[in-house]
Structures are given as structure tokens and as C-alpha cells.
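Engineer: Need coordinates for the below:
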Amino acid sequence: MCYSRAMIWKKFIFETLESTNKTALEYPPFTVIVAKSQTAGKGRYGHSWSSPPGNLYMSAVLPDLAEKSPFLAFIVALSVAQSLKGLPIKLKWPNDVLLDGKKLAGILLEKTDKGIVAGIGVNVVSCPTAGLPYQAAHLKSSVSCEDLTELILDNLTLNLQELNKNGFKNLRQEYMSYLQGLHTQICVNLPDKKLVGIFKDLSASGALILQLPDKTLKEITAGVVFLMD
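Structural biologist: As a prediction, this is how the structure comes out:
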């Protein structure tokens, strides 16, 4: 299947939803669910996502690309970063979007029998100020939610086309140009332990390659990264 910029996304906009991801689970690929606020927004690892009015809450239903689907987490984050040109945007592995080193946007992917739901939350006018294990940032209304939604969908369309045609190779290079913490010491929280080492590289499969203190290399496919630079 070939994708193009002219692809039409079918968009549904709601005043309030429990969660855009929850609603999107029932829709086919190339559907976009947008809510002006959420009452039970979801983040990774079961965390909640603060969802007051004024910020961007959207879920795009992506096609299941079989063996290429694991790369969707990277290209969704990349699409958000590419949509905020001119700002000091970085990506924290695997898919957190940072502004000035603070969390600006979060992404949550969920698989359904229809496709892959990619939930995207961007702090446009406000962000949480307490109760988080990290600092958060917002865009201070430098772009509207409506315009940002369209920019993200444009970039996502192009990136899907590239992934479908050429795989992750070229997208990996673009993603790495935004990557925060590369070649610096980081801490990675795994389910059973914490590892500290140098973020050496990103593998062809998207795994984080960590150099441990004894100089051995470990590939990490899932974990929470804390930057130490």
C-alpha cells in the first residue's frame, strides 16, 4: 500500500471525551479522534494524562504494518517534532517530546483488531506543575490546536509513506537528529532494576544501546529513560 500527502484523514471532533484513545479503538485506520478535553486521559504504564481545555488531545488510527508496526512509536514522535520547527524540540527515547528539556508531549500506542491507535497529547496552553517525576512545558499558545493537528497529520502521512516504502533506515537518521541524551550518561528504569550507562546508539530495530560501566553493550527495547546531562 502506498500513502501520499493527499490521503484524506476522517476526523471527528468532540468537546469532551473520557479518552480519545478509548474512543478511537472502535474506528478503522486513517480516522482521527480529537477532544477539547478529556476526563480520563491515559499515559504510558497506566499513568493518567492531565487534560484541561486548551491543549491538544488526538488519537490517529494507523494501519497495522506487520513487522514494521514497532516503528510507529518512533515516527509518531518524529511527526510531532517535525511539526514544531523553530522551537528547541528534542525526543527522549522512545517517544517523549521535549521542549527545552521539559516534557511537552506524550504518545501512547494501543493495538486493536482494526489497526494501531496512536494517542498524542501536546501541552499547548498549559501543563502540570506538580506531582510529576519530570518537569513539563507548554507552547504558550505559539500555535493553535487546530493548526498543530493538521501539521502532525501532514508529517505523519509522509512518514508513513517513507516507512512503508523504505523501512526505518532513513527515518532512523531523522529521528536521531532530534534524540536527547545520545552519547551521554543516562539512567534506564527496567521493571526489575535500574541501569546507568552511556547511550551509545539506536539500533536498526529502534532499541536503545546502552554501554554499561564494564563497557559491555546492552540492547533495551522497553524502559523509562532519565537524562543525566
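
Engineer: drop to CA atoms for contacts and neighbour counts, all remaining ones
Structural biologist: Noted.

Engineer: what does the domain assignment say about this protein?
Structural biologist: What automatic domain parsing lists as the domains of the chain is 10-176, 185-227.

Engineer: Beyond the longest helix along the chain, next helix or strand please.
Structural biologist: Ordering each helix of the chain by length in residues (DSSP state H) puts helix 145-166 first. Past helix 145-166, further along toward the C-terminus, the next helix or strand under DSSP states H and E is helix 169-176.

Engineer: Any regions of the protein where pLDDT drops low?
Structural biologist: Applying pLDDT under 70 to the chain flags the ranges 1-7, 42-50, 130-131, 133, 229.

Engineer: Neighbours of Asp113, how many?
Structural biologist: Residues near Asp113, counting by other CA atoms under 10 Å, number 10.

Engineer: Revised request: answer the last question for Glu15.
Structural biologist: Glu15 has 10 nearby residues by other CA under 10 Å.

Engineer: Repeat that for the one 10 residues further on.
Structural biologist: Taking other CA under 10 Å as the criterion, the count of residues near Leu25 is 22.

Engineer: and the gap between it and Thr112?
Structural biologist: Using CA to CA, to the nearest Å, one gets 6 Å for the distance from Leu25 to Thr112.

Engineer: okay, and the common contacts of the two?
Structural biologist: Listed as contacting both Leu25 and Thr112 by CA atoms under 8 Å, 6 or more residues apart in numbering is no residue at all.

Engineer: what comes up buried for the longest helix of the chain?
Structural biologist: By neighbour count on 16 or more other CA atoms under 10 Å, the buried set for helix 145-166 is 145, 148-149, 151-164.

Engineer: so how far is it from its chain's centroid?
Structural biologist: Its chain's C-alpha centre and that of helix 145-166 lie 13 Å apart, by CA atoms, centre = their mean, to the nearest Å.

Engineer: Ok, stretch 220-228 next?
Structural biologist: In terms of CA atoms, centre = their mean, the centre of stretch 220-228 is found 14 Å from the chain centre.

Engineer: Pull up the distance across that stretch, start to finish.
Structural biologist: End-to-end distance of stretch 220-228 (CA to CA): 18 Å.

Engineer: try stretch 118-136
Structural biologist: One end of stretch 118-136 sits 21 Å from the other (CA to CA).

Engineer: quick one: contacts of it?
Structural biologist: Outside stretch 118-136, the residues that touch it by CA under 8 Å, 6+ apart are 20-21, 50, 54-62, 73, 76, 102-110, 137-145.

Engineer: distance of Leu217 from Gln185?
Structural biologist: Applying CA to CA to Leu217 and Gln185 gives a distance of 13 Å.

Engineer: For stretch 214-228, which residues meet the burial criterion?
Structural biologist: 217-218, 224-227.

Engineer: What ranges does this protein have for its strands?
Structural biologist: Chain-ordered strands for the chain, with DSSP state E as the definition, fall at 10-17, 31-38, 56-62, 89-92, 96-99, 102-111, 116-122, 185-189, 194-202, 208-211, 217-220, 224-227.

Engineer: other SSEs contacting the fifth one?
Structural biologist: I take that to be strand 96-99. If contacts are counted by 3 or more CA pairs under 8 Å, 6 or more residues apart in numbering; DSSP states H and E, strand 96-99 sits against helix 72-82, strand 89-92, strand 102-111.

Engineer: Let's have those in a markdown table, adding mean neighbour count and distance to Phe14.
Structural biologist: Converted to a markdown table, these look like this (neighbours: other CA atoms under 10 Å; distance: least, CA to CA, whole Å):
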| stretch | mean neighbour count | distance to Phe14 |
| --- | --- | --- |
| helix 72-82 | 24 | 21 |
| strand 89-92 | 24 | 28 |
| strand 102-111 | 20 | 19 |
